[in-house]
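>>> Structure for this input, please:
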Amino acid sequence: MIHAPHAAGCPIGALGNPLAVYLDQALKAGAEILHDSYATRVVTDRDGKRAIGVEYFNDRGERLIQEGSVVVLAAFALQNPRILLNSAPGGLANSSGMVGKYFMAHTATSVWGIFPEETQNFIGVTGGQLLCQENYKKDPKKGYLGSFQWLIGNALKPNDLLGISNSRPDLFGKALHDFLQKATKFLGTMTLVGENLPAPENRMVLIDKKDKFGMPLARIYHSLLQDDIRCYEEGVRQGLEVFKAAGVAQPWNGMRVAMHVMGGTIMGSEARNSVTNSYGQCHDCSNLFLSGSGIFPTGGAVNPTFTIHALALRTAKHMNEHWDVISTH
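Coordinates of the predicted model:
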């Protein structure tokens, strides 16, 4: 039995992640994990319409082929398109020209403030314990199309990703020490998650430089649209106003960052403008499936993990129900 470490705020270990749930089930069903193996490309039949396996290098640097009647790529949104682009001239499953296009990443920042009363900010989990989606609805009259939400009530640890010391990266030495003394009792925060609308110019391309296995590396071009920036700036403005209304004399916000990579192998109903169907099944290669946030055609403004989980289960169910057709045609 594989036991996952307890998550913060989950003393009984009720953690629905692959390590705690699916890995144990897969091993009992006969799955084999090839550790220290590096997948480089999908191998297909002569016309590229069916996958017949995956090329990989083992821990000794040997090039091997793992044959299979069905292939699933789940190498994250950054590696899945790179593997496809390296698998055939012009890219495998790329009749649409969409492999590597429409990369997205949420805009994000945190609003911070020292409250006049103790906040007990050490209690709970580091993720937002409350969500506010009051301004999530699409309305072009607002001056932008994107959505944003707030993650509220984060537990604050000293050096966590969204932790206390990271709220003031400009402080050092005694100034930081004095700030921490006060912030551990009175600091509060909200985290903004903003939408990055899909755009084809946000893309991945292969470059001449190669990795140690001789496979071309990739470069990603990504920038925010003006709509994304206006949406983000309005979110920050509202967040600061909320903190002022809650009694914070001088709230501040952190720098704008990007998080949650999505897109690059988007799903759609037609092969002419997408890479996969809604099950992650490639239009051009019917026994090749893609999993993860790379198949998102839009990013919204919500953390993507639950959607990734739901789509993976939906894909697995579809594969199980149609295995004979998928594996033989």
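>>> and stretch 203-218, how far out from the chain's middle?
Computed by CA atoms, centre = their mean, to the nearest Å, the separation of stretch 203-218 from the middle of its chain amounts to 22 Å.
>>> Buried residues in it, which are they?
Of all the residues in stretch 203-218, those buried under the rule 16 or more other CB atoms under 10 Å are Arg203, Met204, Leu206, Met215, Ala218. (Each C-beta comes from the backbone N, C-alpha and C, glycine too.)
>>> partner residues bridging the last one?
What that stands for is Ala218. Leu206 (DSSP bridges).
>>> check contacts around it.
Leu78, Pro81, Arg82, Leu85, Gly100, Met204, Val205, Leu206, Ile207 (CB atoms under 8 Å, 6 or more residues apart in numbering).
>>> Ok, the first one next?
Under the criterion of CB under 8 Å, 6+ apart, the contact partners of Arg203 comprise Gly100, Lys101, Tyr102, Phe103, Ile220, Tyr221.
>>> which ones are touching the fourth one?
Think Phe103. Counting by CB under 8 Å, 6+ apart, Phe103 touches Ala77, Asn202, Arg203, Met204, Ile220, His222, Val261, Met262, Gly263, Gly264.
>>> Most neighbours of all the residues you listed, which one?
Highest neighbour count within the contacts of Phe103: Gly264, with 32 neighbours (other CB atoms under 10 Å).
>>> Tell me where the stretch 201-329 of the chain has strands.
203-210, 216-221, 252-253, 257-262, 288-290 (DSSP state E, counting those that start in this stretch).
>>> The first one - what's its average pLDDT?
Mean pLDDT, strand 203-210: 97.
>>> just stretch 112-129 next, same as before
So the average pLDDT for stretch 112-129 ends up being 88.
>>> Okay, buried residues for it please.
Trp112, Gly113, Ile114, Phe115, Thr119, Asn121, Thr126, Gly128.
>>> Can you measure across that stretch, start residue to end residue?
Stretch 112-129 has an end-to-end distance of 16 Å (criterion: CA to CA, to the nearest Å).
>>> Other residues contacting it?
So stretch 112-129 is contacted by 7-9, 150-157, 160-164, 167-168, 182-191, 243, 246-254 (CB under 8 Å, 6+ apart).
>>> Out of those, which end up buried?
150-157, 162-164, 167-168, 183-184, 186-191, 243, 248, 251, 253-254.
>>> Inside strands: which ones of these?
Trp150, Leu151, Ile152, Leu187, Gly188, Thr189, Met190, Thr191, Asn253 (DSSP state E).
>>> just curious, which of these is nearest to Asn320?
Set against Asn320, the nearest of those by CB to CB is Leu151 (34.8 Å).
>>> Show the model's pLDDT score for that closest one.
Leu151 carries a pLDDT value of 94.
>>> Can you add distance to Asn303 and give the contacts of Phe103 back as TSV?
Formatted as TSV, the contacts of Phe103 follow (distance: CB to CB, whole Å):
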residue	distance to Asn303
Ala77	14
Asn202	20
Arg203	24
Met204	22
Ile220	21
His222	19
Val261	12
Met262	11
Gly263	15
Gly264	18
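>>> Output the below-cut-off pLDDT ranges for the stretch 51-200 of the chain.
Within the stretch 51-200 of the chain, not a single segment meets pLDDT under 70.
>>> Distance of the most centrally placed residue in the chain relative to Gly294?
The centroid of the chain falls nearest to His260 when counting by CA atoms, centre = their mean (3.6 Å). According to CB to CB, to the nearest Å, His260 stands 12 Å off from Gly294.
>>> ok and the longest strand along the chain relative to strand 216-221, angle-wise?
Assignment by DSSP E gives strand 104-114 as the longest strand of the chain. Strand 104-114 runs at 60 degrees relative to strand 216-221, counting by axes from the mean of the first three to the mean of the last three CA atoms, to 10 degrees.
>>> Direction-wise, compare strand 104-114 with strand 257-262 and give the angle.
140 degrees.
>>> who does strand 104-114 pair up with?
Strand 104-114 is paired, per DSSP bridges, with strand 187-194 (antiparallel), strand 252-253 (antiparallel), strand 257-262 (antiparallel).
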